[in-house]
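Peer 1: Just the structure for this:
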Amino acid sequence: ADMNYVMTSVMLLSSFGIRLEQKTMIGKALSAPLATMALALIVANLGIIPFSSPIYGIVNRYLVPLAVPMLLFDSDLKRVVSDTGSLLKCFFVGAMATIVGTLITYPLIPLSSLSVPGEGWKVASALAARHIGGAINFVAVADTLGISGSSVSAAIAADNVVVALYFAFLFYLAKEHS
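Peer 2: Numbering: from 1, shown residues only. Got it, this is the predicted structure:
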């Protein structure tokens, strides 16, 4: 596909995702990045934009890393720390538990069935990053460590199944105790 067409599509999808966040309840619940990703999934599956393009690499390599500091420049870190209170402490405990859990679990389940040998530790690292900071962290770590596309796809699919089972279990426990 034409690179100008793809870049224009990405910009329009981003703008529409921001607008959804500002004007709709669903957009507010999802946030602009998630609304944009959902829209991109829909239009890609409808064949309106391609699944792969050099533009996506440019966006991930240059624009996404620029967006993070721009968001941080607009935040008051003293207020963030004071407003989050004990929640920030809980986040740090959860993040540390995720790291320790990954370090303990990886030797037990080394992910040796991946299509590219030696990528198990990379995938484990990317999954830990995902569970600490979300999908964007998974993508950033996977890109930084050079994880193959087939391993990324397998990891995301397996993780989605495990997380779905985990949440189903949590909902079951909550229902039992209510």
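Peer 1: looking at the protein, which helix or strand does the model trust least?
Peer 2: The least trusted helix or strand in the chain, going by mean pLDDT, DSSP states H and E, turns out to be helix 64-73, with a mean of 79.
Peer 1: buried ones in that one?
Peer 2: Residues of helix 64-73 include none that count as buried (16 or more other C-beta atoms under 10 Å). Bear in mind the C-beta positions are built from the backbone N, C-alpha and C, glycine included.
Peer 1: Just list the residues touching the residue nearest to the spatial centre of the chain, thanks.
Peer 2: The centroid of the chain falls nearest to Ala135 when counting by C-alpha atoms, centre = their mean (0.9 Å). For Ala135, no residue meets the contact criterion (C-beta atoms under 8 Å, 6 or more residues apart in numbering).
Peer 1: pLDDT at it, what is it?
Peer 2: On the pLDDT scale, Ala135 is placed at 86.
Peer 1: Please report how far it lies from Leu77.
Peer 2: In this view, Ala135 and Leu77 are 24 Å apart by C-beta to C-beta, to the nearest Å.
Peer 1: Can you give the contact residues for the least confident helix or strand of the chain?
Peer 2: Outside helix 64-73, the residues that reach it (C-beta under 8 Å, 6+ apart) are 136, 140.
Peer 1: Now do the host helix or strand of Asp143 and helix 64-73, the angle between them.
Peer 2: Using DSSP states H and E, Asp143 falls within helix 135-145. Counting by axes from the mean of the first three to the mean of the last three C-alpha atoms, to 10 degrees, helix 135-145 lies at 130 degrees to helix 64-73.
Peer 1: Determine how far helix 135-145 lies from the middle of the whole chain.
Peer 2: Centre-to-centre, helix 135-145 and its host chain are 8 Å apart (C-alpha atoms, centre = their mean, to the nearest Å).
Peer 1: likewise stretch 75-82?
Peer 2: Put simply, stretch 75-82 sits 24 Å off its chain's centre (C-alpha atoms, centre = their mean).
Peer 1: contact partners of it?
Peer 2: Residues from elsewhere that reach stretch 75-82 (C-beta under 8 Å, 6+ apart): Leu88.
Peer 1: show me the contacts for the nearest residue to Ile26 once chain neighbours are set aside.
Peer 2: Spatially, and ignoring its direct neighbours in sequence, Ile26 is nearest to Leu20 (7.0 Å; C-beta to C-beta, 6 or more residues apart in numbering). Listed by C-beta under 8 Å, 6+ apart, the contact partners of Leu20 are 26-27, 30, 32, 35, 39.
Peer 1: if I look at the residue nearest to the centre of the chain, how far off is Leu71?
Peer 2: Distance of Ala135 to Leu71, computed by C-beta to C-beta: 16 Å.
Peer 1: Hmm, Trp121 and Ser151 touching each other?
Peer 2: No: counting by C-beta atoms under 8 Å, Ser151 stays clear of Trp121, with 11.3 Å between them.
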